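**Q** A predicted structure for the sequence below; I have some questions about it.
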Amino acid sequence: MFLTHPARSVSALLMRWRPVARLPSLPLSLPLPNSSPACADAVWIVPLQEHSWYDHVRLKRVFLTDGTRHQVVLVDLRKLLVCADRDNTDYVLKPVAEWHAGKVRGIREFLDPDSPRVPQMPYVTISTRRAPGLLGWVGIEREGVVAFRNGQHRARYLSAAGARWCPVEVHEREAVLLRELCGAADDARTAIRTTQLGGEGAV
């Protein structure tokens, strides 16, 4: 925020009088208004419906400070992966059923809720392009395209394990579009609990 000229003048006078009045010096930076430790310690509990090894996973944010301009969005995993399958950057994974046993075991162990380490939630970007067909050609119909910056393996594994919804992180300028195209149903907020790291209750 830029100061107006009168405000700069008052500030200059205060600085000039500070030695006489013995005013404390002003801090060079101020803490972010929303940067509380609770934000950094939040853990999302995602239930799994079709997984015999464990019935939930824990996920935390990728960006731990509110100054990063990223948001957490609860998404419908099926819708998210449909959009991700449209990515043309050659980084679209095959279905989990086609992964080799070592990769499946590795991601299963990585997501194990008994592990002391809490994995990060997927981090995505989203855009739109013309949909195929006549309506897309004339620019009336568009479709979403999701690209994973991180976490594609865990997103696809969670979907195969029966997770219907999942928190993902996205830049704030794309959050509205992600909610519009891939947002979870309202009951996802009751199914996915949020706790503090090491805590028991929902927050």
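**A** Yes, it's here.

**Q** Low-confidence bits of this structure, can you list those?
**A** 1-40, 66, 133-140, 198-203 (pLDDT under 70).

**Q** So for it, the centremost residue is which one?
**A** residue 169 (1.3 Å; Cα atoms, centre = their mean).

**Q** What are the contacting residues of the host helix or strand of that residue?
**A** For residue 169, the host element (DSSP states H and E) is strand 165-171. If you take Cβ atoms under 8 Å, 6 or more residues apart in numbering as the criterion, strand 165-171 is touched by 44, 46, 59, 61-63, 69-77, 80, 121-126, 151, 155, 158-159, 178, 184-185, 188, 191-192. In short, each C-beta sits where N, CA and C put it, glycine included.

**Q** one step back: okay, the residue nearest to the centre of the chain and residue 72: tell me how far apart.
**A** 6 Å (Cβ to Cβ, to the nearest Å).

**Q** what's the overlap in contacts for these two?
**A** Residues touching both residue 169 and residue 72 (Cβ under 8 Å, 6+ apart) are 61, 121.

**Q** before we move on, the earlier item: out of the contacts of strand 165-171, which end up buried?
**A** The neighbour count (16 or more other Cβ atoms under 10 Å) marks 44, 46, 59, 61-63, 70-77, 80, 121-126, 151, 155, 158-159, 178, 184, 188, 192 as buried among these.

**Q** What about the residues you listed, which are in strands?
**A** Judged by DSSP state E, the buried ones among the contacts of strand 165-171 include 44, 46, 59, 70-76, 123-126 as members of strands.
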